[in-house]
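Peer 1: Got a sequence here, can you build the structure:
(2 chains)
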Protein chains: 2
Amino acid sequence: MHRARAASRTLRVASGDKRNAFLKHLGEALMKDRAVLLTANQEDVRAAEAAGVSKAMLDRLALNEKRIDDLVANAREVQALPDPVGAVSSTKVLASGLRVERRRVPLGVLLLIYEARPNATIEAAALAVKSGNAIVLRGGSEAAKTNRALSGVLQKALAAADLPADAATVLTDLSRDETIALLALSDDIDLAIPRGGPALIDTVKQNARMPVLAHGPGICHVFVDAGAELEQAADVAVNAKANRPATCNAAETLLVHSATAAAFLPMFGKRYMETGGELRACDESAAHFKKAGIAYKNATPEDYATEHLANILNVRIVGSLDDALAHIERYGTRHTEAILTSSIKNAERFCRDVDASCVLVNASTRLNDGFCLGYGAELGISTSKFHAFGPMGLEALTIEKNVAVGDGQTRR
Amino acid sequence: MHRARAASRTLRVASGDKRNAFLKHLGEALMKDRAVLLTANQEDVRAAEAAGVSKAMLDRLALNEKRIDDLVANAREVQALPDPVGAVSSTKVLASGLRVERRRVPLGVLLLIYEARPNATIEAAALAVKSGNAIVLRGGSEAAKTNRALSGVLQKALAAADLPADAATVLTDLSRDETIALLALSDDIDLAIPRGGPALIDTVKQNARMPVLAHGPGICHVFVDAGAELEQAADVAVNAKANRPATCNAAETLLVHSATAAAFLPMFGKRYMETGGELRACDESAAHFKKAGIAYKNATPEDYATEHLANILNVRIVGSLDDALAHIERYGTRHTEAILTSSIKNAERFCRDVDASCVLVNASTRLNDGFCLGYGAELGISTSKFHAFGPMGLEALTIEKNVAVGDGQTRR
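Peer 2: This next block holds a predicted model:
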């Protein structure tokens, strides 16, 4: 990994134009090598089918025309993002005359450890180079042939932009032990980013000797306050669960103020049922659903602690904003929480008290996403309150240093 | 540590007035309990003397009237700092109409692991509570009696401010194994901060299952460019080494451009010698010192890689800015680096290319400090490029969350 470190020194001082040229060439090389990529990917897919992997994994593994188009579009979007490197967030002139500014700089060498999603190879390399970092990409063995082909694409784009080949290193044949050895190289790697299931993230956290930026699970809530606009609240609540139920920012539990339950739940329940979802109701909300002829199951305490990753929604009636806050404090995972309310006071209290990477007022939890919050492409949502909290985009791959300009200032 | 976690929930939503009231009462309690503190400390000092600890450690351990005055002043200074909690760094309104702001929030529970410096107990508790965090303070056994007395002071100030007693927990009798067990409690503790020598920092880094914010060693450089203002450069270079030679932001090596060496070195050498320092010269600079009758030793390559922690300065002549940058890249520890120059171009190149938490132009390395850079009290200088890079003040003890306010926005 010494070569990745050396490449990171070149990238650290490479101009924004050069880093953007890489992204331009990356899009072009993806289009040019489309047939090669699809052929390599078909071999991986066939081998995975023969090995009997799950349908979900096959879906993640497969490239197709649409997915390559998406990668091309992603490279263009990252190219269009403002350059984070060298950005100055604040400048102040102190009484001493010293002018102090904070200037954003790359981290150095990133390590991505991921499973069978070959898209991640390109998406992560695009964000890394844009932010002036070298990256080492350790993909799953199921995607080895695809990743080798993608490595060719990355190398062409790096060469065309006159950037070092070691700026992006794709490792396709690493054993588990070799990967764990990689995680010990804190002198050569500045940040480890696991992307995948809880077991992968746990292995990386246990073995990494450098900082880890991970995407935590999301048990997200929507609280419908007394006095909420009911039509809007129903739209937002249905979207929060049913838009893409298996994502981390999908809601798992709908909390409804008791004062609004009778008016809200039958209307909401009918709309939600149209999405083909399943309700898991507390005793009190069950009575409302029963009366309205809406199907439901009874919620268990375990349901409240589960990331369903499916179109299943818990519904619980609470007596007050305090009760809603207490439920979220107990079951939430610091990911995404929303309040639907017409009260400024309650909105502000919710925003202040809820401990989550994104708190929303009158908007869907599904909007906690780099694009929807205006940050652009990202590598997931961090729920750890350190370095990055929320969408991990270009900023999470950089840090600010101090630059102080004086005219002879010394310390007394 | 469940009780510290519970206290952190109260602190997270406590008003700035309440947190400032704690600091006011802290200063008052320190003055009131002055005699008790000094008596307890004298017992610790006597026991340490009897145990034959080093003079340096005795100095760190001892409290006296002046040091208590400094702690009172520190509490007032922290009280006067702007409240970091709830501070909004940016607000933007997106095309969707969603208003997204980034709002600063506390981390939760901090753990300070430190050696025999009882001042740290108060300084760290002041910064923790100001930033809305609970703190667990694990001090060295040599300071146990002093820390118990300081715990009493903290408890009085917490009670007077109507904040929970568990907001600051002082642990005085923890064995090494118990401390390591504490470092495994990632559910209850959000951040570990070691303050002390390299062995302590290493133990914490190896065993902590939560993020660690540590103060790295400083091998700092001052580069005197061709065309620098020589009188000013000599002032700054002498200050960078001799102002307080044992600090982390003191310079270890002076790099001098060959074009300016003949004019600069004799003048600088005479001034530096007045501080009682010792020069370790490269062959080329040695010739200049010899000619000017200035005492020196010959520098070894090892000298360039050493944090002297004493009034010893390496001097090396370099042929160009590039050579200076290469020397810093090789020997620097990403701490503090300064260029003394009259060239805008060279200043900007140095600021961009040097990888350090603070890069200074025409100012002393000694200014990389929370107070001198305008950030206020801090817990040290981070040289890790993650979460905090540079002085670790109130901002390092917080993180930004996203708050998004809409009027029914959903995701397509």
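
Peer 1: Next, the buried residues of the longest strand along chain A.
Peer 2: The residue-count maximum for a strand in chain A (DSSP state E) belongs to strand A:398-409. Within strand A:398-409, the residues scored as buried using 16 or more other C-beta atoms under 10 Å in any protein chain shown are A:398, A:399, A:400, A:401, A:402, A:403, A:404, A:405, A:406, A:408, A:409. Every residue, glycine included, has its C-beta placed from N, CA and C.

Peer 1: Direction included, what does it pair against?
Peer 2: The pairing partners recorded for strand A:398-409 under DSSP bridges are strand A:99-106 (antiparallel), strand B:358-363 (parallel).

Peer 1: what does the first one rub up against?
Peer 2: Just to be clear, that refers to strand A:99-106. Contact with strand A:99-106 is made by A:8, A:11-12, A:84-94, A:131-133, A:395, A:397-406, B:351, B:355, B:373-374, B:385, as judged by C-beta atoms under 8 Å, 6 or more residues apart in numbering or on different chains.

Peer 1: and residue A:43, how many neighbours does it have?
Peer 2: 13 (other C-beta atoms under 10 Å in any protein chain shown).

Peer 1: same question, residue A:174
Peer 2: Residues near residue A:174, counting by other C-beta under 10 Å: 16.

Peer 1: again with residue A:293
Peer 2: 9.

Peer 1: is it fair to say it lies in a helix?
Peer 2: No: assessed with DSSP: H, G, I helix; E, B strand; the rest coil, residue A:293 is coil; it does not lie in a helix.

Peer 1: quick one: it from residue A:63, how far?
Peer 2: Taking C-beta to C-beta, to the nearest Å as the measure, residue A:293 falls 46 Å from residue A:63.

Peer 1: Check residue A:376 too.
Peer 2: As defined by C-beta to C-beta, residue A:376 lies at a distance of 23 Å from residue A:63.

Peer 1: ok, those two, which is more surrounded?
Peer 2: Between residue A:376 and residue A:63, residue A:63 has the larger neighbour count (other C-beta under 10 Å), namely 24 against 19.

Peer 1: Report the buried members of the contacts of strand A:99-106.
Peer 2: Here, 16+ other C-beta under 10 Å leaves A:8, A:11-12, A:84-85, A:94, A:131-133, A:395, A:397-406, B:351, B:355, B:373-374, B:385 buried among those.

Peer 1: returning to that earlier point: any idea which of the strands paired with strand A:398-409 is most buried?
Peer 2: Of all those, strand B:358-363 carries the top mean neighbour count, a mean of 27, counting by mean count of other C-beta atoms under 10 Å in any protein chain shown.

Peer 1: Just checking the next helix or strand after it against chain A, any contact.
Peer 2: Following strand B:358-363 in sequence order, the next helix or strand is strand B:381-386 (DSSP states H and E). Yes: judged by C-beta under 8 Å from any C-beta of the partner chain, strand B:381-386 comes into contact with chain A at B:384, B:385, B:386.

Peer 1: what comes up buried for the helix or strand following strand B:381-386?
Peer 2: Sequence order places strand B:388-391 as the next helix or strand after strand B:381-386, per DSSP H and E. Using 16+ other C-beta under 10 Å as the test for burial, strand B:388-391 gives B:388, B:389, B:390, B:391.

Peer 1: any idea how far the last one lies from chain A?
Peer 2: Here the criterion is C-beta to the nearest C-beta, to the nearest Å. By it, residue B:391 lies 8 Å from chain A.

Peer 1: dump the residue contacts of that residue.
Peer 2: Contact analysis of residue B:391 by C-beta under 8 Å, 6+ apart lists A:402, B:368, B:369, B:370, B:373, B:375, B:378, B:380, B:381, B:382.

Peer 1: Now with 7 Å, please.
Peer 2: Contacts for residue B:391 (C-beta atoms under 7 Å, 6 or more residues apart in numbering or on different chains) come out as B:369, B:370, B:373, B:375, B:378, B:381.

Peer 1: If we ignore the residues flanking it in sequence, what's nearest residue A:170?
Peer 2: Nearest residue to residue A:170 in three dimensions, chain neighbours excluded: residue A:151, at 3.7 Å (C-beta to C-beta, 6 or more residues apart in numbering or on different chains).

Peer 1: same for whichever strand or helix holds that neighbour, what does it pack against?
Peer 2: Element membership for residue A:151, per DSSP H and E: helix A:144-160. Packing partners of helix A:144-160 (3 or more C-beta pairs under 7 Å, 6 or more residues apart in numbering or on different chains; DSSP states H and E): helix A:16-32, helix A:34-50, helix A:119-130, strand A:168-171.

Peer 1: On the three-state scheme, residue A:72 is what?
Peer 2: Under three-state DSSP, the three-state class of residue A:72 is helix.

Peer 1: Skip the chain neighbours and tell me the closest residue to it.
Peer 2: In space, residue A:72 is closest to residue A:27, 4.6 Å off (C-beta to C-beta, 6+ apart).

Peer 1: Residue A:68 versus that neighbour, what's the distance?
Peer 2: 10 Å.

Peer 1: quick revisit: now, which of the contacts of residue B:391 sits nearest residue A:56?
Peer 2: residue B:381 (46.8 Å; C-beta to C-beta).

Peer 1: for the closest one, what are its contacts?
Peer 2: With C-beta under 7 Å, 6+ apart, residue B:381 has these contacts: B:215, B:248, B:249, B:335, B:357, B:368, B:390, B:391.

Peer 1: Residue B:313: which of those is nearest?
Peer 2: residue B:249 (14.2 Å).

Peer 1: looking only at pLDDT, what's the mean for stretch A:223-231?
Peer 2: Averaged over stretch A:223-231, pLDDT sits at 97.

Peer 1: how many neighbours does the residue nearest to residue A:26 when sequence neighbours are not counted have?
Peer 2: Spatially, and ignoring its direct neighbours in sequence, residue A:26 is nearest to residue A:157 (4.0 Å; C-beta to C-beta, 6+ apart). Counted with other C-beta under 10 Å, residues neighbouring residue A:157 total 27.

Peer 1: ok, now how distant is residue A:157 from residue B:298?
Peer 2: From residue A:157 to residue B:298 the distance is 50 Å (C-beta to C-beta).

Peer 1: Residue A:178 too?
Peer 2: In terms of C-beta to C-beta, residue A:178 sits 45 Å off from residue B:298.

Peer 1: Identify the residues contacting residue A:299.
Peer 2: A:280, A:281, A:282, A:314, A:316.

Peer 1: confidence score at it?
Peer 2: 97.

Peer 1: Could you check which helix or strand contains the nearest residue to it once chain neighbours are set aside?
Peer 2: Nearest non-adjacent residue to residue A:299, counting by C-beta to C-beta, 6+ apart: residue A:280, 4.0 Å away. Secondary structure from DSSP H and E places residue A:280 in strand A:278-281.

Peer 1: Average pLDDT for that strand, rounded please.
Peer 2: 98.

Peer 1: what does that strand contact?
Peer 2: A:269, A:272, A:289, A:296-299, A:303, A:311-315.

Peer 1: distance of residue A:55 from chain B?
Peer 2: Using C-beta to the nearest C-beta, residue A:55 is found at 25 Å from chain B.

Peer 1: my bad, should have said residue A:250
Peer 2: Computed as C-beta to the nearest C-beta, the residue A:250 to chain B distance reads 10 Å.

Peer 1: what sits against that residue?
Peer 2: With C-beta under 7 Å, 6+ apart, residue A:250 has these contacts: A:220, A:240, A:241, A:244, A:365, A:366.

Peer 1: same question, residue A:5
Peer 2: Residue A:5 neighbours (C-beta under 7 Å, 6+ apart): A:109, A:188.
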